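[1] this one's sequence-less:
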Ligand SMILES: [Zn+2]
(Lines give C-alpha, C1' and ligand atoms only; values in the text may rest on other atoms or scores of the structure.)
Protein backbone atom coordinates (compact mmCIF):
# COMPACT_ATOMS: atom_id res chain seq x y z
CA UNK A 1 0.00 0.00 0.00
CA UNK A 2 1.32 3.44 -0.89
CA UNK A 3 2.28 5.91 1.82
CA UNK A 4 -0.61 8.13 0.69
CA UNK A 5 -3.19 5.33 0.94
CA UNK A 6 -1.84 4.32 4.33
CA UNK A 7 -2.11 7.93 5.52
CA UNK A 8 -5.70 8.09 4.23
CA UNK A 9 -6.65 4.94 6.15
CA UNK A 10 -5.03 6.35 9.29
CA UNK A 11 -6.88 9.65 8.82
CA UNK A 12 -10.19 7.80 8.43
CA UNK A 13 -9.49 5.75 11.55
CA UNK A 14 -8.63 8.94 13.46
CA UNK A 15 -11.72 10.88 12.34
CA UNK A 16 -14.02 8.01 13.32
CA UNK A 17 -12.16 7.34 16.57
CA UNK A 18 -14.80 8.86 18.91
CA UNK A 19 -17.46 6.59 17.34
CA UNK A 20 -15.14 3.58 17.68
CA UNK A 21 -14.32 4.32 21.31
CA UNK A 22 -17.99 4.72 22.19
CA UNK A 23 -18.97 1.56 20.29
CA UNK A 24 -16.35 -0.50 22.11
CA UNK A 25 -17.27 0.94 25.50
CA UNK A 26 -21.01 0.42 25.10
CA UNK A 27 -20.67 -3.11 23.71
CA UNK A 28 -18.07 -4.14 26.28
CA UNK A 29 -20.18 -2.90 29.19
CA UNK A 30 -23.04 -5.20 28.24
CA UNK A 31 -20.83 -8.16 27.27
CA UNK A 32 -21.41 -7.79 23.54
CA UNK A 33 -17.85 -7.06 22.42
CA UNK A 34 -16.81 -8.74 19.16
CA UNK A 35 -14.56 -11.70 18.48
CA UNK A 36 -12.28 -10.92 15.54
CA UNK A 37 -10.63 -13.86 13.85
CA UNK A 38 -7.60 -13.21 11.67
CA UNK A 39 -6.47 -15.49 8.88
CA UNK A 40 -2.90 -15.72 7.64
CA UNK A 41 -1.37 -18.03 5.06
CA UNK A 42 2.40 -17.88 4.88
CA UNK A 43 4.98 -16.04 7.00
CA UNK A 44 8.28 -15.79 5.12
CA UNK A 45 10.85 -13.33 3.80
CA UNK A 46 11.48 -14.96 0.41
CA UNK A 47 9.19 -15.40 -2.61
CA UNK A 48 6.71 -12.96 -1.08
CA UNK A 49 3.26 -13.47 -2.63
CA UNK A 50 0.01 -11.56 -1.97
CA UNK A 51 -0.73 -14.22 0.69
CA UNK A 52 2.64 -13.91 2.41
CA UNK A 53 3.50 -11.66 5.34
CA UNK A 54 7.15 -11.03 6.25
CA UNK A 55 8.54 -12.17 9.58
CA UNK A 56 9.02 -8.53 10.69
CA UNK A 57 5.44 -7.61 9.82
CA UNK A 58 4.11 -10.72 11.57
CA UNK A 59 6.11 -9.87 14.69
CA UNK A 60 4.68 -6.32 14.61
CA UNK A 61 1.18 -7.75 14.26
CA UNK A 62 1.65 -9.91 17.34
CA UNK A 63 3.12 -6.97 19.29
CA UNK A 64 0.08 -4.87 18.36
CA UNK A 65 -2.44 -7.63 19.08
CA UNK A 66 -0.90 -8.46 22.44
CA UNK A 67 -0.82 -4.80 23.48
CA UNK A 68 -4.46 -4.07 22.57
CA UNK A 69 -6.51 -7.27 22.71
CA UNK A 70 -7.08 -10.48 24.55
CA UNK A 71 -5.90 -13.28 22.26
CA UNK A 72 -8.05 -16.38 22.57
CA UNK A 73 -8.26 -19.77 20.89
CA UNK A 74 -10.91 -20.24 18.23
CA UNK A 75 -12.74 -22.58 20.61
CA UNK A 76 -12.79 -19.99 23.41
CA UNK A 77 -13.94 -17.29 20.98
CA UNK A 78 -16.69 -19.53 19.67
CA UNK A 79 -17.75 -20.34 23.23
CA UNK A 80 -18.20 -16.64 23.96
CA UNK A 81 -20.30 -16.12 20.82
CA UNK A 82 -22.49 -19.10 21.72
CA UNK A 83 -22.78 -18.00 25.38
CA UNK A 84 -23.72 -14.49 24.21
CA UNK A 85 -21.18 -12.84 26.46
CA UNK A 86 -17.80 -11.31 25.69
CA UNK A 87 -16.64 -8.45 27.91
CA UNK A 88 -13.70 -7.22 25.78
CA UNK A 89 -12.92 -7.22 22.05
CA UNK A 90 -10.83 -10.35 21.54
CA UNK A 91 -8.82 -11.80 18.66
CA UNK A 92 -8.20 -15.37 17.51
CA UNK A 93 -5.40 -16.26 15.07
CA UNK A 94 -5.74 -18.78 12.25
CA UNK A 95 -3.68 -19.92 9.27
CA UNK A 96 -4.85 -21.53 6.04
CA UNK A 97 -3.30 -24.10 3.71
CA UNK A 98 -0.28 -25.39 5.70
CA UNK A 99 2.94 -23.69 4.59
CA UNK A 100 6.23 -25.25 5.66
CA UNK A 101 7.77 -21.79 6.09
CA UNK A 102 5.44 -21.20 9.03
CA UNK A 103 7.29 -23.86 11.00
CA UNK A 104 10.54 -21.89 10.56
CA UNK A 105 9.29 -18.72 12.26
CA UNK A 106 5.58 -18.07 12.82
CA UNK A 107 4.78 -21.15 14.88
CA UNK A 108 7.95 -20.74 16.97
CA UNK A 109 7.03 -17.10 17.59
CA UNK A 110 3.50 -18.06 18.68
CA UNK A 111 4.89 -20.72 20.98
CA UNK A 112 7.47 -18.35 22.49
CA UNK A 113 4.61 -15.97 23.29
CA UNK A 114 2.28 -18.83 24.37
CA UNK A 115 -0.36 -17.68 21.89
CA UNK A 116 -3.01 -20.09 20.58
CA UNK A 117 -3.79 -20.52 16.88
CA UNK A 118 -5.84 -22.76 14.63
CA UNK A 119 -4.03 -24.11 11.59
CA UNK A 120 -6.17 -25.24 8.63
CA UNK A 121 -4.47 -27.74 6.36
CA UNK A 122 -5.12 -28.95 2.82
CA UNK A 123 -4.64 -32.71 2.97
CA UNK A 124 -3.15 -33.61 -0.43
CA UNK A 125 -0.36 -31.05 -0.18
CA UNK A 126 0.83 -32.12 3.26
CA UNK A 127 0.74 -35.77 2.20
CA UNK A 128 2.50 -35.37 -1.15
CA UNK A 129 4.70 -32.31 -0.55
CA UNK A 130 3.40 -30.82 -3.81
CA UNK A 131 3.22 -26.99 -3.79
CA UNK A 132 -0.20 -25.38 -3.59
CA UNK A 133 -1.78 -24.73 -6.99
CA UNK A 134 -2.04 -20.99 -6.30
CA UNK A 135 1.77 -20.89 -5.81
CA UNK A 136 2.52 -23.16 -8.77
CA UNK A 137 0.61 -20.70 -10.98
CA UNK A 138 3.09 -17.99 -9.91
CA UNK A 139 6.06 -20.31 -10.40
CA UNK A 140 6.77 -20.30 -6.66
CA UNK A 141 7.85 -23.49 -4.98
CA UNK A 142 6.82 -22.87 -1.35
CA UNK A 143 6.77 -26.22 0.38
CA UNK A 144 3.79 -27.41 2.40
CA UNK A 145 4.17 -28.60 5.98
CA UNK A 146 4.97 -32.22 6.65
CA UNK A 147 2.84 -34.42 8.89
CA UNK A 148 5.73 -34.42 11.38
CA UNK A 149 5.61 -30.63 11.55
CA UNK A 150 1.86 -30.73 12.19
CA UNK A 151 2.44 -33.23 15.00
CA UNK A 152 5.10 -30.95 16.50
CA UNK A 153 2.60 -28.07 16.42
CA UNK A 154 0.05 -30.18 18.28
CA UNK A 155 2.69 -31.24 20.81
CA UNK A 156 3.44 -27.57 21.56
CA UNK A 157 -0.03 -27.35 23.10
CA UNK A 158 -0.85 -24.00 21.46
CA UNK A 159 -1.81 -25.05 17.94
CA UNK A 160 -4.98 -26.84 16.85
CA UNK A 161 -5.13 -28.37 13.37
CA UNK A 162 -8.26 -27.85 11.26
CA UNK A 163 -9.58 -29.16 7.93
CA UNK A 164 -9.25 -27.26 4.63
CA UNK A 165 -10.41 -29.90 2.07
CA UNK A 166 -8.40 -32.48 0.18
CA UNK A 167 -7.38 -30.43 -2.88
CA UNK A 168 -8.05 -26.82 -1.85
CA UNK A 169 -11.28 -27.06 -3.83
CA UNK A 170 -13.79 -24.30 -4.35
CA UNK A 171 -16.48 -26.10 -2.36
CA UNK A 172 -19.10 -23.56 -3.45
CA UNK A 173 -18.93 -24.94 -6.98
CA UNK A 174 -19.22 -28.63 -6.01
CA UNK A 175 -22.71 -30.03 -6.49
CA UNK A 176 -21.82 -33.71 -6.76
CA UNK A 177 -22.54 -35.27 -3.37
CA UNK A 178 -19.79 -37.93 -3.58
CA UNK A 179 -17.14 -35.31 -4.37
CA UNK A 180 -18.46 -33.06 -1.61
CA UNK A 181 -18.24 -35.91 0.87
CA UNK A 182 -14.69 -36.65 -0.24
CA UNK A 183 -13.36 -33.06 -0.15
CA UNK A 184 -15.04 -31.99 3.06
CA UNK A 185 -15.51 -35.07 5.24
CA UNK A 186 -13.32 -37.96 4.04
CA UNK A 187 -10.28 -35.68 3.68
CA UNK A 188 -10.87 -34.31 7.20
CA UNK A 189 -11.06 -37.85 8.61
CA UNK A 190 -7.86 -38.83 6.76
CA UNK A 191 -6.12 -35.79 8.19
CA UNK A 192 -7.30 -36.79 11.67
CA UNK A 193 -5.77 -40.23 11.23
CA UNK A 194 -2.51 -38.80 9.83
CA UNK A 195 -1.99 -36.45 12.79
CA UNK A 196 -3.63 -38.79 15.31
CA UNK A 197 -5.80 -36.00 16.66
CA UNK A 198 -9.50 -35.15 16.35
CA UNK A 199 -10.36 -32.23 14.07
CA UNK A 200 -13.01 -29.83 15.33
CA UNK A 201 -12.95 -26.91 12.87
CA UNK A 202 -13.08 -26.47 9.10
CA UNK A 203 -12.24 -23.49 6.88
CA UNK A 204 -13.65 -23.16 3.38
CA UNK A 205 -10.89 -22.53 0.79
CA UNK A 206 -11.13 -19.01 -0.66
CA UNK A 207 -13.85 -18.35 1.93
CA UNK A 208 -15.98 -15.82 0.03
CA UNK A 209 -19.78 -16.23 0.18
CA UNK A 210 -19.72 -17.84 -3.29
CA UNK A 211 -17.21 -20.44 -2.02
CA UNK A 212 -19.46 -21.58 0.84
CA UNK A 213 -22.00 -24.33 0.38
CA UNK A 214 -25.02 -25.16 2.53
CA UNK A 215 -24.84 -28.88 1.67
CA UNK A 216 -21.22 -28.93 2.84
CA UNK A 217 -22.13 -27.06 6.03
CA UNK A 218 -24.83 -29.62 6.77
CA UNK A 219 -22.32 -32.43 6.17
CA UNK A 220 -19.89 -30.80 8.58
CA UNK A 221 -22.58 -30.54 11.25
CA UNK A 222 -23.62 -34.15 10.83
CA UNK A 223 -20.01 -35.26 11.13
CA UNK A 224 -19.32 -33.52 14.41
CA UNK A 225 -17.35 -30.48 13.20
CA UNK A 226 -17.94 -27.70 15.74
CA UNK A 227 -17.86 -24.72 13.35
CA UNK A 228 -16.75 -23.53 9.92
CA UNK A 229 -14.80 -20.41 9.00
CA UNK A 230 -15.32 -18.04 6.09
CA UNK A 231 -12.77 -15.47 4.93
CA UNK A 232 -14.64 -12.48 3.54
CA UNK A 233 -14.26 -10.19 6.53
CA UNK A 234 -16.74 -9.49 9.27
CA UNK A 235 -16.96 -9.45 13.04
CA UNK A 236 -18.47 -12.09 15.30
CA UNK A 237 -20.73 -10.68 17.99
CA UNK A 238 -22.10 -12.62 20.95
CA UNK A 239 -25.43 -14.06 19.83
CA UNK A 240 -24.37 -14.40 16.17
CA UNK A 241 -24.53 -17.86 14.58
CA UNK A 242 -21.74 -19.66 16.49
CA UNK A 243 -21.46 -22.31 13.78
CA UNK A 244 -20.13 -19.76 11.30
CA UNK A 245 -16.98 -17.91 12.35
CA UNK A 246 -16.26 -14.92 10.11
CA UNK A 247 -12.61 -14.07 9.57
CA UNK A 248 -10.62 -10.98 8.64
CA UNK A 249 -7.48 -10.94 6.50
CA UNK A 250 -4.29 -10.54 8.55
CA UNK A 251 -3.40 -7.59 6.34
CA UNK A 252 0.36 -6.94 6.34
CA UNK A 253 -0.48 -3.23 6.23
CA UNK A 254 -0.92 -2.39 9.91
CA UNK A 255 -3.00 0.74 9.16
CA UNK A 256 -5.68 -1.40 7.48
CA UNK A 257 -5.53 -4.04 10.21
CA UNK A 258 -5.98 -1.35 12.90
CA UNK A 259 -8.93 0.05 10.96
CA UNK A 260 -10.64 -3.35 11.03
CA UNK A 261 -9.81 -4.32 14.59
CA UNK A 262 -10.87 -1.05 16.18
CA UNK A 263 -14.32 -1.54 14.51
CA UNK A 264 -14.82 0.22 11.21
CA UNK A 265 -18.29 1.87 11.42
CA UNK A 266 -18.93 1.12 7.74
CA UNK A 267 -18.65 -2.60 8.45
CA UNK A 268 -21.26 -2.74 11.21
CA UNK A 269 -23.84 -0.30 9.88
CA UNK A 270 -25.39 -2.50 7.22
CA UNK A 271 -23.84 -0.85 4.17
CA UNK A 272 -24.30 -3.54 1.46
CA UNK A 273 -20.89 -3.14 -0.15
CA UNK A 274 -19.31 -4.19 3.13
CA UNK A 275 -20.83 -7.64 2.84
CA UNK A 276 -23.51 -8.71 5.26
CA UNK A 277 -23.11 -12.02 7.05
CA UNK A 278 -23.60 -15.08 4.81
CA UNK A 279 -26.96 -16.62 5.65
CA UNK A 280 -27.08 -20.35 5.47
CA UNK A 281 -30.33 -22.15 4.95
CA UNK A 282 -31.62 -24.35 7.77
CA UNK A 283 -31.10 -28.08 7.38
CA UNK A 284 -33.89 -29.77 5.41
CA UNK A 285 -36.44 -31.29 7.76
CA UNK A 286 -36.20 -35.01 8.38
CA UNK A 287 -32.40 -35.05 8.31
CA UNK A 288 -30.92 -37.18 11.05
CA UNK A 289 -28.37 -35.20 13.04
ZN1 LIG B 1 -6.68 -21.86 1.48
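    Happy to help now that I have it. If you're wondering where the values come from, they're calculated on a predicted model, not measured in any experiment.
[2] which residues touch the residue of the chain found nearest the ion?
    Nearest to the ion, among the residues of the chain, is residue 96, at 3.9 Å (C-beta to the ion). To be clear about C-beta, it is placed using only N, CA and C from the backbone, and glycine gets the same treatment. Residues in contact with residue 96, defined by C-beta atoms under 8 Å, 6 or more residues apart in numbering, are 39, 40, 41, 120, 164, 203, 205, 207, 231.
[3] that one - nearest residue in space that isn't next to it in sequence?
    The shortest distance from residue 96 to any non-neighbouring residue, by C-beta to C-beta, 6 or more residues apart in numbering, is to residue 120 (4.8 Å).
[4] can you list the residues of this protein near the ion?
    Within the chain, the positions near the ion by C-beta under 5 Å from the ion are 96, 97, 205.
[5] what's the closest non-adjacent residue to the last one?
    The shortest distance from residue 205 to any residue that is not its chain neighbour, by C-beta to C-beta, 6+ apart, is 4.8 Å, and that residue is residue 168.
[6] the one you found contacts residue 122, correct?
    Yes. Under the criterion of C-beta atoms under 8 Å, residue 168 makes contact with residue 122 at 4.6 Å.
[7] anything in contact with each of those two?
    Counting by C-beta under 8 Å, 6+ apart, the residues touching both residue 168 and residue 122 are 97, 132, 205.
[8] would you list these in CSV and tack on distance to residue 76 and secondary structure?
    As requested, those are exported to CSV (distance: C-beta to C-beta, whole Å; DSSP: H, G, I helix; E, B strand; the rest coil):
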residue, distance to residue 76, secondary structure
97, 24, coil
132, 29, coil
205, 25, coil
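[9] quick check: which of the residues you listed has the minimum pLDDT.
    Least confident of those in the model: residue 132, at 95.
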